[in-house]
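Visitor: can you look at this prediction? I've put the sequence above it.
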Number of protein chains: 2
Amino acid sequence: MSSPPLVDRLRARNWRLTAQRRVIAEVMEGEHVHLSAEEVLQRARQRLREVSLATVYNTLNELVAMGEVKPVDAGSGATRYDPNTGASHHHLVCLGCNQLLDVYLDPSATAIELPPSERHGFRILGEEILFRGWCPSCSDQV
Amino acid sequence: MSSPPLVDRLRARNWRLTAQRRVIAEVMEGEHVHLSAEEVLQRARQRLREVSLATVYNTLNELVAMGEVKPVDAGSGATRYDPNTGASHHHLVCLGCNQLLDVYLDPSATAIELPPSERHGFRILGEEILFRGWCPSCSDQV
DNA sequence: GTATATGCAAAGCATTTGCATTAAA
DNA sequence: TTTAATGCAAATGCTTTGCATATAC
């Protein structure tokens, strides 16, 4: 059910494990993590002072290439990185404060397959659903 | 069924109609238009030499604010702008060449409502579905 | 005539890159 | 020892902004 920690999976891939990569991977551990590169940097620095933003980007890009992390682009601003690649889920974003939450749809209801007539000859690899709305506290302020 | 041309709808809103805004609106007329700001500029300039990129951005942002155009962020690079706000549809993007196509799902199958238990107290305004895959010609090249 | 749009050039962010230095294996 | 990662600073790409000028109404 639950997979081994990210750091262990990375070690198993023979990924060259530097101190920087280790702390970044530790920051990216978890189920509801949706951090921007800048936020990853801040948290990584709490564990290890010598981490640079360039290394955060390099590392996140590699994790994305490996399929260990998924970039989430909800418009407005910076890409956020989601380490939850196992369980199929989607996202809910607040139009006010931009916060990003995971949402889980009933897989039976989520038969969101593109009918062949709408595939335009593409080899479909996946789909992303983004719900937009106002979170409770932003709703109040409007 | 089909709404009046964009330019007419804008006039009806008492939108100050400059030459630049008119040509930009003309470029944004249509059902399967997914242009970036830069592309809008190029096409607008074919009709009117004195249009600047700043004006294109200003105008597109206003059209978005009015709800006449929807920004589509498919990752990698520039936002594209979609004037098809009437018919509910979704998007298919090629991982290779980045081309963006409209796809129409059967509305009955598209009962993609977020169950209350997954709404986190949000007032949901809408949802976007993005399918990713390889288009025929990019498939061949891999 | 007055409020508002335009265009330019500069500024702002997010992200990438080149290259000398450093560290993992 | 060799190969690859780091960090800095500069460069890039997209988008926004300030302000003087021009224009729709």
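Guide: Nice, thanks for sending it over.
Visitor: specify the beta-bridge partners of the residue lying closest to A:His90 once chain neighbours are set aside.
Guide: Spatial nearest neighbour of A:His90, chain neighbours left out: A:Ile129 (4.0 Å); criterion: C-beta to C-beta, 6 or more residues apart in numbering or on different chains. All C-beta spots, glycine's among them, are computed from the backbone N, C-alpha and C. Using DSSP bridges, the bridge partners assigned to A:Ile129 are B:Ile129.
Visitor: ok, A:Ile129 - contacts?
Guide: Each residue near A:Ile129 by C-beta atoms under 8 Å, 6 or more residues apart in numbering or on different chains is listed here: A:90-91, A:105, A:112, B:112, B:127-130.
Visitor: tell me the bridge partners for the residue nearest the centre of chain A.
Guide: Nearest residue to the geometric centre of chain A (C-alpha atoms, centre = their mean): A:Asp82, 1.2 Å. Beta bridges link A:Asp82 to A:Lys70, judged by DSSP bridges.
Visitor: from what I see, it and A:Val33 are in contact.
Guide: Yes - under the contact definition of C-beta atoms under 8 Å, A:Asp82 touches A:Val33, with a separation of 6.8 Å.
Visitor: now the helix ranked longest in chain A: mean pLDDT?
Guide: When chain A is scanned for its longest helix (criterion: DSSP state H), the result is helix A:53-66. The predicted model assigns helix A:53-66 a mean pLDDT of 98.
Visitor: what residues are shared contacts of A:Asp82 and A:Val33?
Guide: Residues touching both A:Asp82 and A:Val33 by C-beta under 8 Å, 6+ apart: none at all.
Visitor: picking up where we left off before, pick out the most distant pair among the contacts of A:Ile129.
Guide: Largest separation among the contacts of A:Ile129 by C-beta to C-beta: A:Leu105 and B:Leu130, giving 15.2 Å.
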